[in-house]
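**Student:** I would like the atomic coordinates for the input below:
(one chain, ligands or ions: 1)
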Amino acid sequence: MTTPREAGFAMPAEWAGHAGCWMIWPERPDNWRLGAKPAQGAFVAVASAIARYEPVTMMVSARQFENARTVLPEAVRVVEVSTNDSWARDVGCSFLLGRDGKLGGVDWPFNAWGGLIGGLYFPWDLDDQVAAKMLGIERARRFRAPNVVEGGAIHVDGEGTVLVAEQCVLNENRNENPTRQEMERVLKDYLGASHVIWLGQGVPEDETDGHVDNLACFVAPGVVLLTWCDDPADPHYAVSRDAEARLLAARDAKGRPIKVERIPMPTPMFYTAEEVSGLDATPSGMNRRAGDRMAASYVNFYIANGAIIAPSFGGGGFGVETDAAARDVLTRLFPGRDIVMVPAREILLGGGNIHCITQQQPKGGT
Ligand code: KQY
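**Tutor:** Now for the predicted structure:
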């Protein structure tokens, strides 16, 4: 099997030019309350925001096709693709570009964030087919990877560096007896990279077992934005300090030290009894309870052509005071882009955020 690296393919940074963005329409009622209607509203808001900057494709089941087509802006392309849920970052391909600018993509095996050991639902067979379908639609070369890795478990700088967290990438519930050496080889071979930076734990309560895209991301070569907590009583306090220490001790693929930028954690957010009561009861592993903390983070944003599409959590009676501070950080770090904040509590209730529900397709050369 030829790997992408052998074939001259690599994953570009998210800030490089995009041909567009892929998303999946939410509908499963055990993850999205009230038959997914509030979540659908939030996904429409995200798709509409992104569509002002680049083309958006929404993948939708046959059951929901007419509804999604009706409520989404006309500029959004709607295609019928069957899925088990709506996390394009994780079940979609990680798009690559070849040396000649040709489009390719990694089709990572997917096991619902843990398979039969703590995975969030069963079955996940339709999700596992999504990457192949996207690459088929785009007539792009497909590279099926040997190991389970989700798109939310990786960030790249487009210059040879991959950022991951041990809690997720070395988790036994993804791959059998994974070693650091084996996972580094797979990440480098399939992302066309040469260096891996390992963080430790992800954001506490993250039901993905610590996806890096909820904790930290590259914002430029050699610069990582980290979700930061100053409250010693909060479990994220130690996590953010450990991540910062590891980043400051690291070098990237080009030998540069890493500059760490901090963005505040949102004010702690919890499921309400009303929100939990809107979920269908099923034997799935999602198990939401009123009072449980959610893994809220401003780092979970999408970099579009000319804009940052970031979550906001205030409003609707939830009084989260950190939105303005987060906007200030993003404005400083992305001077050439509009900062568009979209209310995202309904997405967070499903266990992820804006980065998790989007997947960028880089602009190819041919
Ligand atoms: O954060 C993500 N990348 C996905 C979260 C999935 C949660 C499923 N309920």
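**Student:** Near Gly202, how many other residues are there?
**Tutor:** 29 (other Cβ atoms under 10 Å). C-betas here are computed from N, CA, C, even on glycine.
**Student:** Name the helix or strand for it, please.
**Tutor:** Under the criterion of DSSP states H and E, Gly202 resides outside all helices and strands.
**Student:** Quick one: residues contacting it.
**Tutor:** Going by Cβ atoms under 8 Å, 6 or more residues apart in numbering, Gly202 touches 165, 167-168, 208-212, 214-215, 239, 295.
**Student:** Wasn't Ala39 part of a helix?
**Tutor:** Yes: residue state for Ala39 (DSSP: H, G, I helix; E, B strand; the rest coil) corresponds to a helix.
**Student:** what's near enough to touch it?
**Tutor:** 26, 32-33, 86, 346-347, 349-350.
**Student:** My read is that Asp125 contacts Asn84, right?
**Tutor:** Yes: using Cβ atoms under 8 Å, Asp125 makes contact with Asn84 at a distance of 7.4 Å.
**Student:** Dump the contacts of Gly202 to TSV, plus pLDDT, distance to Ser277 and neighbour count.
**Tutor:** TSV is the format used below for the contacts of Gly202 (pLDDT from 0 to 100; distance: Cβ to Cβ, whole Å; neighbours: other Cβ atoms under 10 Å):
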residue	pLDDT	distance to Ser277	neighbour count
Ala165	98	33	30
Gln167	98	31	21
Cys168	98	30	27
Thr208	96	24	26
Asp209	96	27	20
Gly210	97	29	25
His211	98	27	31
Val212	98	32	28
Asn214	98	26	26
Leu215	98	30	30
Val239	98	31	25
Ala295	97	21	25
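**Student:** okay, those residues in TSV with distance to the ligand and secondary structure next?
**Tutor:** Below are those laid out as TSV (distance: Cβ to the nearest ligand atom, whole Å; DSSP: H, G, I helix; E, B strand; the rest coil):
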residue	distance to the ligand	secondary structure
Ala165	12	strand
Gln167	13	helix
Cys168	10	helix
Thr208	5	coil
Asp209	10	coil
Gly210	10	coil
His211	5	coil
Val212	10	helix
Asn214	6	helix
Leu215	11	coil
Val239	16	helix
Ala295	8	coil
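**Student:** ok, and of the contacts of Ala39, which contact the ligand?
**Tutor:** Residues of those in contact with the ligand (Cβ under 6 Å from any ligand atom): Gly350.
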